[in-house]
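K.L.:
Starting from these lines, generate the structure:
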Amino acid sequence: MVSHVVLDNLELGPLTARRFILSGRVQGLGVRPTIYRLATETGLFGTVRNTSRGVEMEFEGTASQLTQFESDLPAVLPEGTVLERFESKSIPTFGRKNISIIREPANGPLTARVPQDLAVCAKCVREIFDTDDRRFHYPMTSCTSCGPRYSLIRAMPYERADTTMSEFTFCPACEAEYSHPDEQRFHAQTNACADCGPTVWYRDNNSPEKVHGERALLLACDVLDSARIVAVRGLGGYQLLVDATNQRAVLRLRLRKSRQAKPLAVMIESLQAAQEIAHLDAIECKALADPANPIVLVRVKPSTNLAASIHPGLDTVGLMLPTTPLHALLLREVGRPLVCTSGNREGDPLEYQVDPAEQNLSGICDAWLHHNREIERPIDDSVVRVIAGRPVTIRMARGMAPLPLDLLSTTSTLAVGGYQKAATAWSNGAQSVLGPHQGDQETLTARERFLAHIDDCQSLYRFEPQQLVHDMHPEYFSTDWTMQQQRSALAVQHHHAHVIAGMLEHGWLDRKVLGVAWDGTGYGTDGTIWGGEFLLATATSFSRYARLRPFHLPGGEAAIREPWRTAVSVLSQVMDKEKLAWLPFWQERDADLSGVLQVLGLPRCSPTTSSAGRLFDAVAAIVLSLDHADFDGLPPMLLEAVADRGAKGQYKMRLRDADILEFDWRPLLSDLLQDACNGVDPGTISMRFHRTLAVGIADICHRVDLPIVLTGGVFQNRLLTELVVEQLAQHGQSLGLPGTIPPNDGGLAAGQLAFAAKIGEKETCV
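P.N.:
Numbering: from 1, shown residues only. Down below sits the predicted model:
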C-alpha cells in the first residue's frame with residue numbers, strides 16, 4: 001500500500017536531492033511512519049521504503065531542508081531503534097510532489113535486521129480496557145510499537161503482504177488508521193481489530209464445540225479459577241497457564257507435563273504486582289518492563305501467596321509481565337498471578353500449530369484458547385538474570401532473538417552450537433546473527449525442529465552456507481549432522497567457543513585473554529570431560545593455563561542424575577574409602593556405595609572430568625543430603641539458594657604447579673566435610689564454599705596480566721560471579737562479565753561463528 005501527501009509548492013530556493021539509508025534495528029518499530037511525518041513537517045518530497053539493507057529514503061527539497069531533516073531524524077526515531085549506520089548521498093533531483101511509503105522486492109543476501117517480537121505496549125493495554133475504545137477487550141491488538149514480528153514474518157523486508165497477517169483484509173476503520181500519518185497505527189503492519197483481524201476461540205478438552213468472542217475469555221478464566229490448566233496460543237507458541245497461588249493446580253501441571261522440579265515462570269499484571277512478590281532493584285524493574293518481555297529471575301520475598309511448588313527449594317522466581325493483550329485480559333479477569341510455562345511435554349519442542357498442539361497437549365491441559373493468526377516460526381520466552389548490576393541472558397528467545405553480532409564475514413557460514421540449550425548462529429555474507437534458543441536435542445522431535453530451524457534461517461536470510469562450524473564432541477547430534485553434509489567444516493573446542501563468545505560480547509576479538517570457562521560438560525582435546533578451565537585464548541587459538549583438579553564420574557551420565565555418586569568420588573580423594581560408609585550422608589546406601597567404589601578406577605565406567613558444575617553437584621549432595629537431581633543444574637541452584645550471604649570465613653585452597661596449574665579443591669573439601677560433620681549450618685557452609693572458589697579463581701587470574709573473561713553456565717550463579725567481581729576489583733584487571741550472549745551453551749554458536757570469521761580473516765591476509 002502507498003500513502004501520499006501533497007504539499008504546497010513553496011519557492012524556498014533551488015531544489016536538491018539526497019538518498020539516506022538507515023541500517024540497524026530499524027524495521028518493525030514504526031521507523032517509516034516517523035520518517036514520513038518528519039519529512040512532511042520539513043517540507044520534503046520523495047519516497048521511503050524498507051529494503052534488504054534497512055530503511056532507504058530519497059527526498060527532494062532545498063539544501064537547508066535536507067540538512068535540517070538529516071540533523072533531526074536520529075533524535076525522533078522510535079524507542080527501541082538501534083541505528084548502526086546513517087548514510088547520506090547526493091542524487092539527481094526527480095521532481096516528485098508527494099511523499100510515498102513504497103515496497104521493494106526482496107533479493108540478494110539480507111542486510112537489514114529481522115525485527116524481534118515485542119510485548120504489548122502501554123497504549124494498547126489502555127485501549128483494551130477502555131470501554132469507549134473500539135478495541136475494547138480485543139485480544140489481538142497491536143500497533144507500530146508492539147506485537148509480533150519475527151514469529152510471523154515470511155520474508156524480508158518487513159511488509160504486511162509477507163507476513164501471516166496478509167490473510168486479514170483491513171476493514172474501513174483499520175484502513176484509515178493505516179493510511180493516515182497522524183494515527184498511532186500509520187503503516188502498522190499488524191494492524192487489526194475485531195471486525196477484520198485474527199480471532200480467539202475457546203474449546204474445552206472434552207467437547208468439540210468452539211466458543212468465540214468475549215465468552216471465550218470468560219470460559220478460560222473459569223477454568224483457571226477452578227484450578228485447571230489452559231493451553232493458550234501466545235505470540236510464538238503455546239503456553240500452559242494455571243493459577244500460581246493454587247498448590248494443587250501447580251502440582252497437577254507438574255505431574256501432567258512431567259516437569260518434577262524445574263522452576264515455573266509466573267506472569268503478573270504489573271510492576272507493582274511483581275514488587276509484592278519479589279525484591280526488585282531498578283535494573284530488574286527495567287528488565288521486566290523492557291519491550292522484549294523476558295522472564296526475569298528475581299529474589300522472592302519470604303512470604304507470598306505463590307504456591308511453594310513453583311520454585312521448590314529456591315530463593316528466586318521467574319517473573320514476567322503480559323506478553324500480549326490476551327495475557328493482559330486473562331490476568332485482569334482472574335485477578336491473580338498465573339503460571340505461564342512452555343506448551344510442550346518435557347523434552348519436546350514448543351507446540352505452535354493448532355492441530356498438532358491439540359493432539360500433543362491433550363493429556364496436559366483441560367481447555368484451549370486458540371487464535372487464527374498463524375505463527376510462521378515458533379519461539380519460546382526469553383530468560384534473564386541481573387548479575388553484578390547487568391542483565392545476563394539465560395535463554396535468548398522471544399524479544400531478544402535473532403541477535404545481530406558484531407562480526408564481519410565474507411563467507412556464508414552456519415555454526416550449529418552444542419547439544420543442550422541448542423542455538424545456531426550464521427553469517428550470510430552481509431550480516432552475522434545468533435538465533436533463538438531451540439532446546440536440548442534429546443528427542444527425535446527436538447532434532448527435527450532443530451533441522452527445520454536451520455532451513456528456515458537460510459530461507460529468511462537468503463543464503464546457502466559455504467562452511468559449517470561445530471563442537472568437537474563426536475557424539476553431539478549437531479556434530480553428526482555436520483559431518484553428513486557435503487561442505488567444509490570447522491571444529492571448535494567447547495570451552496574455547498565459550499571464551500570467544502565472551503570476547504565477542506565485549507569487543508575483544510583482537511586481544512589475548514584469560515578465559516575462565518566453568519560449566520558442566522565439554523569435550524576436551526585430551527578426550528576427557530572438561531569444565532573447570534582457565535584458557536589463555538585468542539579468537540583463533542588457546543592453551544590450557546589452569547584447571548580444576550580432575551576426578552571421576554562413577555556411572556558417567558548417571559552421576560549427573562545422582563550427585564551423591566560424584567560426592568563419593570571426590571571424598572575418596574580426601575579420606576580412606578573404608579571410612580566413607582561411616583559418613584552420615586551414606587548410612588542408607590551401603591550396597592550402592594560399594595558398587596560406586598568398585599567402578600571408580602575403571603575408565604569406561606568412570607570418565608575423568610575437571611568439571612566445576614560436577615564439583616558443585618558433589619558439594620550439594622554433601623551439604624544438602626541431595627540424593628537425586630531432576631535436571632542438570634539443580635544441585636548448584638539449590639546450593640546457591642541456601643547460602644547465607646552474611647556468613648563469614650572461607651576454606652583452605654591450594655594451587656598446585658604440575659604439568660598444568662591446578663586448582664586443588666581437596667583442602668577445601670576436607671574443611672567443608674569437617675563443618676558438615678560438626679553440624680554447621682548449610683547456609684554458612686555454602687557461603688564459605690562459594691567464597692573459596694571465588695578467591696581461587698581470582699588468585700589464578702592475578703597471575704597473568706591479561707583481560708579476564710568469565711563464561712560458562714556456572715557463571716549464571718549470581719553469588720559466585722559477584723564474589724569473583726569483588727575479588728578481582730582489587731587488582732584492576734579488565735573483566736568481561738556475561739551479558740547479552742548467553743554464557744551457557746546457548747551462546748556456543750556465537751563463539752563458533754566468531755572463530756570461523758577470524759580464521760577467515762587470517763587466511764585472507766595470508
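
K.L.:
gap between the spatially closest residue to residue 155 that is not a sequence neighbour and residue 50?
P.N.:
Computed as Cβ to Cβ, 6 or more residues apart in numbering, the closest residue to residue 155 that is not its neighbour in sequence is residue 162, at 4.2 Å. C-beta here means a position set from N, CA and C on the backbone, and glycine is covered the same way. Note on residue 162: its distance to residue 50, by Cβ to Cβ, to the nearest Å, is 10 Å.

K.L.:
what about these two, which has more around it?
P.N.:
More crowded of residue 162 and residue 50, by other Cβ atoms under 10 Å: residue 50, with 26 against 18.

K.L.:
I'd assumed the more buried one was in a strand, is it?
P.N.:
Yes: according to DSSP: H, G, I helix; E, B strand; the rest coil, residue 50 belongs to a strand.

K.L.:
picking that back up, intersection of neighbour lists for residue 162 and residue 50?
P.N.:
Contact criterion Cβ atoms under 8 Å, 6 or more residues apart in numbering; residues shared by residue 162 and residue 50: residue 156.

K.L.:
what residues are up against the residue nearest to residue 155?
P.N.:
By Cβ under 8 Å, 6+ apart, the contact list for residue 162 reads 106, 153-156.

K.L.:
Can I get those residues in a markdown table including secondary structure, neighbour count and distance to residue 467?
P.N.:
Below are those laid out as a markdown table (DSSP: H, G, I helix; E, B strand; the rest coil; neighbours: other Cβ atoms under 10 Å; distance: Cβ to Cβ, whole Å):
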| residue | secondary structure | neighbour count | distance to residue 467 |
| --- | --- | --- | --- |
| 106 | coil | 16 | 24 |
| 153 | strand | 24 | 26 |
| 154 | coil | 15 | 27 |
| 155 | coil | 16 | 25 |
| 156 | coil | 22 | 23 |
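
K.L.:
Check those residues and tell me the two furthest apart.
P.N.:
Across these, the longest distance by Cβ to Cβ is 11.1 Å; it joins 106 and 153.

K.L.:
Residue 753: neighbouring residues, count only.
P.N.:
Residues lying near residue 753 (other Cβ under 10 Å) number 30.

K.L.:
Am I right that it is in contact with residue 416?
P.N.:
No: counting by Cβ atoms under 8 Å, residue 753 does not reach residue 416; the two are 10.0 Å apart.

K.L.:
what do the two both touch?
P.N.:
By the contact definition Cβ under 8 Å, 6+ apart, residue 753 and residue 416 are jointly contacted by residue 469.

K.L.:
ok, back up a step: quick one: which of the contacts of residue 162 is nearest to residue 230?
P.N.:
residue 153 (27.6 Å).

K.L.:
Please name the nearest non-neighbouring residue to the closest one.
P.N.:
Spatial nearest neighbour of residue 153, excluding adjacent residues (Cβ to Cβ, 6+ apart): residue 163 at 5.4 Å.

K.L.:
if I look at the one you found, how far off is residue 24?
P.N.:
Separation of residue 163 from residue 24 (Cβ to Cβ): 21 Å.

K.L.:
more neighbours, these two?
P.N.:
residue 163 (22 against 18).

K.L.:
Pull up the per-residue confidence for that one.
P.N.:
What the model reports for residue 163 is a pLDDT of 96.

K.L.:
Now it, what are its backbone angles?
P.N.:
phi -130, psi 170 (degrees, to the nearest 10).

K.L.:
just residue 654 next, same as before
P.N.:
phi -140, psi 140.

K.L.:
That one: neighbour count?
P.N.:
14.

K.L.:
and it, what are its bridge partners?
P.N.:
Beta-bridge partners recorded for residue 654 (DSSP bridges): residue 664.

K.L.:
gap between it and residue 720?
P.N.:
19 Å.

K.L.:
what do you get for residue 501?
P.N.:
Distance, residue 501 to residue 720, by Cβ to Cβ: 19 Å.

K.L.:
who's more crowded, these two?
P.N.:
More crowded of residue 501 and residue 720, by other Cβ under 10 Å: residue 501, with 31 against 26.
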